[in-house]
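Chemist: have a look; sequence and predicted model below, questions after that.
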Amino acid sequence: MDEKRVKVEVKELTKAFGDLLVLDNISFDVYDGEFLCIVGPTGCGKTTFLNSLTKVYDINKGSIQVDGEDIHPKKHNLAYIFQEYSTMEWLNIQENVEFGLKAKKFPPDKLKERSDYVIRMVGLDKYRNYYPSQLSASMLQRVVIARAFAIEPDLLLMDEPYGQLDLTLKYKLEDELLKMWKEIRTTVLFITHNIEEAVYLSDRIIVLTNKPTHIKTEIINDLPRPRKVSDPEFVALRNQVTDLIKWW
Ligand SMILES: Nc1ncnc2c1ncn2[C@@H]1O[C@H](COP(=O)(O)OP(=O)(O)OP(=O)(O)O)[C@@H](O)[C@H]1O
C-alpha cells in the first residue's frame, strides 16, 4: 500500500463476562484496503471480539470506529463471511447476490450490472439461475464471496470461513478471495487459527495471547504475491509466527 489511511480504529477494547476477562485493552488500527489477519489460540476470544465489533455484545470499555465514527451495522457497510454458507435456498444465485445489494438500497437500475460483474469475477456466470442446492460447497462459497464484495463493504469480516474445507478447495477459495480483494480493494479483517492461511493471505498479522487476551505482536507481511507455501521466505515467516504463538 502506498499511503496508509486508518479505516478502522480499535481502542482499548475490553470485554469481560462477569469475572472472566476475555479481551484486555486491545488497541489497533486497520488501514484502508488492508488485508489484516488475526491469529490466536483457541478460546482466546476471537468470536467475542467479532461480536463486540458488530455490537452483538456491549463492551466494558473502549471504542471501535470506522472512518472516525463509532461503528454501527446500520451506518456502516459491513459484510461477513463465516463458515456456514448462509445462502438463501429459495433464491437463485443471481438473486442471492442481489439480495444483499437491495438490503443496502443499491440503485435498482444498476443492480443487474453489479451482480453480473461479481458473479463473473468468481466464475459462476453459467450458474446464475441455479439454486444453492444444485451447487457444490466450493461454488456456494464463491457465491458468498461475490455477495460480500458486491456491496463494496467498508469492512469485510471473516471468521474461519474455510476451516472445515479440504485443502485443495481451501487454496482455490483463498485465491478467489484475493482476486476479489485486489479488484475491489475492500478492507478485510480475517480471523483464523491457521498460521499458513494468515501468511498466505495477509498484509499484516496480529498475534493474540491466551486469555485475558491482548496483542502479543504484529508482523508486517510483505512477501510478494502470488505467494507459494513452499518458498523459503514463506516458510521462514510461517515458522516465525508459529514460534510467536506456541499455544500448544
Ligand atoms: N456469552 C458468553 N458468556 C460467558 N462466557 C462467554 C460467552 N461467550 C464467550 N465466553 C467465554 O469467553 C471466552 C472466549 O470465547 P470465544 O468463543 O470468543 O473464543 P474463540 O477464540 O472464538 O474460541 P475458538 O477459538 O474456539 O473459536 C471463552 O472462555 C468462553 O467461554
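Modeler: Structure's in. What do you need?

Chemist: C-alpha only now, for contacts and for neighbours.
Modeler: Will do.

Chemist: quick check: buried residues in the helix or strand of the chain with the lowest mean pLDDT?
Modeler: One helix or strand of the chain scores below all others by mean pLDDT, DSSP states H and E: helix 46-53, with a mean of 87. For helix 46-53, a neighbour-count test (16 or more other Cα atoms under 10 Å) marks 46, 48, 49, 50, 52, 53 as buried.

Chemist: next: stretch 60-69.
Modeler: 60, 63, 64, 65, 66.

Chemist: tabulate those in CSV, adding columns for secondary structure.
Modeler: Converted to CSV, the buried residues of stretch 60-69 look like this (DSSP: H, G, I helix; E, B strand; the rest coil):
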residue, secondary structure
60, coil
63, strand
64, strand
65, strand
66, strand
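
Chemist: can you list contacts of the longest helix seen in the chain?
Modeler: If you go by DSSP state H, the chain has its longest helix at helix 167-184. Identification of contacts with helix 167-184 by Cα atoms under 8 Å, 6 or more residues apart in numbering yields 121, 122, 138, 141, 142, 145, 149, 152, 162, 201.

Chemist: which members of those are positioned in helices?
Modeler: Using DSSP H, these in helices are 121, 138, 141, 142, 145, 149, 201.

Chemist: what about the last one, neighbour count?
Modeler: Other residues near residue 201 come to 22 when the count uses other Cα atoms under 10 Å.

Chemist: again, but for the fifth one
Modeler: Neighbour count of residue 145, defined by other Cα under 10 Å: 25.

Chemist: how about the contacts made by it?
Modeler: 81, 122, 177.

Chemist: state the pLDDT value of the first one.
Modeler: If I follow you right, that is residue 81. For residue 81, the pLDDT comes out at 88.

Chemist: same question, residue 243
Modeler: pLDDT at residue 243 comes out at 89.

Chemist: related to what we said a few turns ago, and the ones in helices among the contacts of helix 167-184, which are buried?
Modeler: 121, 138, 141, 142, 145, 149, 201.
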